[in-house]
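Q: Here is a sequence together with a model predicted from it:
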Amino acid sequence: MIPTILINGLVNSVVLVLIAIGFSLTFGISGVANFAHGAFYLLSGYTAWMLFRFLGLPYPLVILISVVTVGALGAIMYWVVLLRIRGIILSEVVATFAIGVAILEFFKWMGFHTYEFSLPVFIKGSMEIAGLFLDYQRIAIVFIGLALLLFLWFFVHYTKLGLALRGIAQDEFTAMSLGIDSDWTAMISLALGSALVAVAAISILPLGIIAPSVGYDVLLTALAVAIVGGLESTIGIVVGSLILGYSQVIVASYYTPLWMTVVYLVAIVGVLVIKPSGLFGKSKELEERV
Amino acid sequence: MSTGDPILKVINLNKNFGGVKAITNVSFELEQGGSLGIIGPNGSGKTTLVNLITSFIKPDSGEVLFNEKNITGLMPYKIANLGIARSFQMPRPFYKLPAFKNLIIPLYSPRVKRLEGGKYGERDDVALDLLEDVGFERESPVPYKVAGSLPHGYVKRLELAQCLALRPDLIIFDELFSGMSMSEVASTLPIIEKISEEGKTLVIIEHRLRELFRVVRRVIVLNFGSKIADGPPKEVMASGEVKKAYLGSEVE
Amino acid sequence: MVVSYRKERLDRGIKARSDDIFVISSHRETLYLVLPRIIPIVGILLIPLLKENVGIYWEKVLVITCIISLLSLSWDLLMSVGLVSLGQAFFFGTGAYFAGFLNKSFNWSPLFTIPIATLGGGAFCAILLLPVVRLRGIYFSLITLALPILFMRIIEAGKILGGEEGIVALTPFHSIWIELYVPAIALLFCLFGFRRLINTDYGIVLRGIRDNDRAVMARGINIYWYKTQVVFIAGAVGAFAGAFLTHYYQFAGTSGLGLDYSILPLTCVIVGGSGTFAGAVLGTFILVPLAEILRAFGTLRVVFYSLILLAFVVVLPEGIFDYLQRKYHQYERLASVEVGK
């Protein structure tokens, strides 16, 4: 039982990390909370599905096109909508929320939720690890997740663009006076966040079907991980995902899978009582304004 | 508490921001009714010190005692209600409200309600009186103008009125005179002198030393977060270390 | 010498004359001030009397409109203190379930369940949101977004409070007059009450918290306590709306926590104009009947609301009410300007 829980917990945690990292990164860098996060996840799935089913393109190409398209969509959303209302928190929040809902409800209306709508796995088959049959897709997810984290860490610490993004996140005005264009970097961060969500979607959706309710679940997950781990902190995302991921698996093993979402609520309430800005959140609500 | 006890005691305050030592081991005492100036070059930590005292930032170590009560790390509104008012270096009034309505907020605080008996409907009159005290012409439309349309000198004086509205025992001014013209400074200085004569304790951060020395009898100099001098203005300004901090030293 | 034109806006004479209450000297000026307030009151109170002519369908629409207006007003109140709620459905659903539970379990009549649900719901929401009120504004939006979805899942998973089917067969109202007039009076009470409140000293403190909370805190006010009070009031109003509809539909279910009840009030306020409360009501009275007409489109309605919301947020954030108010108080004309010599 224990090895099963350990392994399933790890897989689940990586799934959560993949889902949450796009949202947290975007908010941490550009200060824009992208409430259309779940919608983009779903959109990536449908885009890949349509390219695969209707155009019959080879799957690796489908993946590439989908990720780039959704990334571009994020950038376009910034350019067309958010640019005009940058800085007015209310408008940013409501606008991304409206876009997200419009997309998700549109898909619901179109009726995309039967079993036909699923993405193929990368490699069929499974292997046995410590008495548990784990399919290759889940193993692939773990590797993708870890690779992504590694790539992001490298990107953000060693490349010029990554350092520019961190500069903007820390102090926008100083970064601007050093020649870093904050609108451009905000757009990049939105594109990056969207691309990450597309990667997550293509990796995770093969495990189930594509349905609009998935969109809301994804948004809820990203929010839960962000609240528990702390917005703007990559370590927070990882730790938050581990905590929530393992809790969910334990609850699912001993009770029923229906209670998995309850874990979110308990964790959120717990975090709010103990350390409201999240485990690794930067709680400088007063300091930063003085 | 006897009248000789200091009203404010700052004991070994320390604050680091990441690797930057903003305040290192700063201590001083101030007696009731006294007036203290805090000066130092830019970046020496003057505003940080004020933020530590009024608890907008929590210190890493050290204590602040007000009337012998430990106020370190209390919520800022509690400190205000105990009797410490502060002005902000970059004042941001409530732009859409008329000037005198800006003062409703401090008048609504528990402290003022306790002292005044909390009469409803008279706050507007009190607000207008306070504005007149700081130099807003009473019969003119100026007090009724929206705060966002006031010129800078008036905004600064509105900030002063906000501090006074709280009926504090100790007021900390953070660069009140910055941005004021000579005539505005000349008209505000007597108000500060009057406040001091009325028995209120003042702590004034300033760059305009000539005006400052007219009001305060004692000065503390900060440099890179440490206190490098403490005494009467003439003495402090004659000290070699203070001169070096402000003007730099010659390279041999 | 070139003459060019620029647009200028001037207050109408009648506004200038009627600005100060002691200057009103004619019936026309009194009417100018009083009419915009009287018309909605009279209108809302009289429409129910037309019920024979308009049919039972439009009665329902009126009730729903008034109820949604309560959610819109609640949102606007939260906005006035700086909190952006993405989950009005949470307040609504809490009230709905409170009333439904009390009615089902103890058979109390609406006379008791609705007030208890209102106050209890408000308290429940305020307590739950208490820790969030200390944080940056965005956390409030995050939590209010997450809470309705979470509670919906819990109810479905735990099969409590009726699970997926909801609580059914509840007590309806005795007479149609109660059904029509209670929401209408509640609406008018909240509308004019909130408008009055925001102009008192208490309201000024709230607006101050929204503008610059560290300054308010430096002047001795416990901003968190005031924010919590506002959450309680707004939550209570939302819970009242939910409790009322529970008895109107004789049903309380997870649909009460649905996205509809979060996004519709939000859209109504943005379209009508936030900050004035009257804008919230105006927007609701425009959009909700429209939504009923569009009911044939099914879920596509929600897509419409979202797109309208998006359009207004980006293009006309002040909303319609502000535009109308400007037209009423000011007139525009082209003034000639001499340019160049």
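A: Looks like it arrived, so ask away. Numbers count the residues shown, from 1 in each chain, chains lettered A, B, ... in the order given.

Q: and the residue in the stretch 101-250 of chain B that chain A sits nearest to, how many neighbours?
A: In the stretch 101-250 of chain B, the residue that lies nearest chain A is B:Asp174 (10.5 Å; CB to the nearest CB). No exception for glycine: its C-beta is placed from N, CA and C like everyone else's. B:Asp174: 23 surrounding residues under other CB atoms under 10 Å in any protein chain shown.

Q: can you pull up the bridge partners for C:Val3?
A: On the basis of DSSP bridges, C:Val3 takes part in beta bridges with C:Glu338.

Q: So what's the residue count around it?
A: By other CB under 10 Å, the burial measure for C:Val3, its neighbour count, is 9.

Q: what does A:Asp181 give?
A: Once other CB under 10 Å is used to define contacts, A:Asp181 is seen to have 13 neighbours.

Q: which phi and psi does it have?
A: Dihedral angles phi and psi of A:Asp181 (degrees, to the nearest 10) take the values phi -80, psi 110.

Q: re the thing from before, is it true that the residue of the stretch 101-250 of chain B closest to chain A touches B:Arg86?
A: Yes: in this structure, B:Asp174 is within contact of B:Arg86 by CB atoms under 8 Å, at 6.6 Å.

Q: Who is the residue of the stretch 101-250 of chain B closest to chain A paired with across the strands?
A: With DSSP bridges applied, B:Asp174 shows beta-bridge pairing to B:Ile205.

Q: give the contact list for it.
A: Contacts for B:Asp174 were tallied using CB atoms under 8 Å, 6 or more residues apart in numbering or on different chains; they are B:Lys46, B:Thr47, B:Val50, B:Arg86, B:Ser87, B:Phe88, B:Gln89, B:Ile205.

Q: The third one: how many residues sit nearby?
A: The number of residues packed near B:Val50 is 22, by other CB under 10 Å.

Q: what kind of secondary structure is B:Val64 in?
A: Classification of B:Val64 by DSSP: H, G, I helix; E, B strand; the rest coil places it in strand.

Q: neighbours around C:Met79, how many?
A: C:Met79, neighbours per other CB under 10 Å, totals 21.

Q: Is it correct that it falls within a helix?
A: Yes: if the criterion is three-state DSSP, then C:Met79 is within a helix.

Q: can you tell me which residues contact it?
A: A:Leu90, C:Arg210, C:Val269, C:Ser274, C:Gly275.

Q: How about the helix or strand harbouring the second one and chain A, any contact?
A: When secondary structure is defined using DSSP states H and E, the element that contains C:Arg210 is helix C:201-211. No: applying CB under 8 Å from any CB of the partner chain, one finds helix C:201-211 separated from chain A by no less than 10.5 Å.

Q: buried residues in the helix or strand just after that helix?
A: Next helix or strand after helix C:201-211 toward the C-terminus (DSSP H and E): helix C:213-218. Residues C:Asp213, C:Arg214, C:Ala215, C:Val216, C:Met217, C:Ala218 are the ones in helix C:213-218 that count as buried (16 or more other CB atoms under 10 Å in any protein chain shown).

Q: Give me the nearest residue to residue 240, chain neighbours excluded.
A: This is for chain A. What sits nearest to A:Gly240 in space, not counting adjacent residues and going by CB to CB, 6 or more residues apart in numbering or on different chains, is A:Gly229, at 2.5 Å.

Q: looking at chain C here, not the other one
A: Once its chain neighbours are removed from consideration, C:Phe240 has its nearest residue in C:Thr118; the separation is 4.3 Å (CB to CB, 6+ apart).

Q: How about chain B: which residue is closest to chain C?
A: With CB to the nearest CB as the measure, B:Ser109 is the residue of chain B nearest to chain C, at 3.1 Å.

Q: For the contacts of C:Met79, which two are the farthest from each other?
A: Checked with CB to CB, the contacts of C:Met79 reach their widest spread between C:Arg210 and C:Val269, with 15.2 Å between them.

Q: So the two - more neighbours on which side?
A: The neighbour comparison of C:Arg210 against C:Val269 (other CB under 10 Å) goes to C:Val269, with 34 against 18.

Q: where do the strands sit along the stretch 51-200 of chain B?
A: Residue ranges of the strands in the stretch 51-200 of chain B, as given by DSSP state E, counting those that start in this stretch, are B:61-66, B:69-70, B:84-86, B:170-174.

Q: Columns mean pLDDT on top of those, output as TSV?
A: Compiled in TSV, these are given as follows (pLDDT from 0 to 100):
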stretch	mean pLDDT
strand B:61-66	92
strand B:69-70	91
strand B:84-86	93
strand B:170-174	93
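
Q: Which of the ones you listed sits closest to B:Glu31?
A: B:Glu31 sits nearest to strand B:170-174 of all the strands of the stretch 51-200 of chain B, at 11.2 Å, using CB to CB.

Q: Out of the helices and strands in chain A, which is least certain?
A: Each helix and strand of chain A was given a mean pLDDT (mean pLDDT, DSSP states H and E); the minimum falls on strand A:126-129 at a mean of 70.

Q: Which elements pack onto that strand?
A: strand A:132-135, helix A:136-158 (3 or more CB pairs under 8 Å, 6 or more residues apart in numbering or on different chains; DSSP states H and E).

Q: cutoff 10 Å now
A: With contacts defined as 3 or more CB pairs under 10 Å, 6 or more residues apart in numbering or on different chains; DSSP states H and E, strand A:126-129 has these neighbours: helix A:2-30, strand A:132-135, helix A:136-158.

Q: Find the one among these with the highest mean neighbour count.
A: Among the helices and strands packed on strand A:126-129, ranked by average contacts under mean count of other CB atoms under 10 Å in any protein chain shown, first place goes to helix A:2-30 (a mean of 22).

Q: how about residue 152, what does it touch?
A: Using chain A here. Residues near A:Leu152 by CB atoms under 10 Å, 6 or more residues apart in numbering or on different chains: A:Ile21, A:Leu25, A:Gly162, A:Leu192, A:Leu196, A:Thr234.

Q: Correction: the question concerned chain B.
A: Under the criterion of CB under 10 Å, 6+ apart, the contact list for B:His152 reads B:Pro91, B:Ser178, B:Gly179, B:Met180, B:Ser181, B:Glu184.

Q: burial measure for the first one, as a count.
A: The burial count assigned to B:Pro91 is 20, neighbours taken as other CB under 10 Å.

Q: Quick check: it touching B:Leu158?
A: Yes: when contacts are counted by CB atoms under 10 Å, B:Pro91 is listed as touching B:Leu158 (7.3 Å).

Q: Now for the two: what residues contact both?
A: Between them, B:Pro91 and B:Leu158 have B:Ala147 as joint contacts when contacts are counted by CB under 10 Å, 6+ apart.

Q: What distance do you get for the nearest residue to B:Ala80 once chain neighbours are set aside to A:Ser126?
A: The spatially closest residue to B:Ala80, leaving aside those adjacent along the chain, is C:Gly220, at 3.7 Å (CB to CB, 6+ apart). With the distance defined as CB to CB, to the nearest Å, C:Gly220 ends up 65 Å from A:Ser126.

Q: ok so, going back, tell me the one among the contacts of B:His152 nearest to C:Leu45.
A: When these are compared for distance to C:Leu45, the smallest value, 47.2 Å, is given by B:Pro91; criterion: CB to CB.

Q: Can you give me the neighbour number for the closest residue to that closest one other than its chain neighbours?
A: Excluding its sequence neighbours, the residue lying closest to B:Pro91 (CB to CB, 6+ apart) is B:Glu159, at 4.2 Å. Residue neighbour count, defined by other CB under 10 Å, stands at 23 for B:Glu159.

Q: Is B:Glu159 in contact with B:Arg92, as I believe?
A: Yes: counting by CB under 10 Å, B:Glu159 sits close enough to B:Arg92 to count as a contact (9.3 Å).

Q: what is in contact with those two at once?
A: Between them, B:Glu159 and B:Arg92 have C:Ala215 as joint contacts when contacts are counted by CB under 10 Å, 6+ apart.
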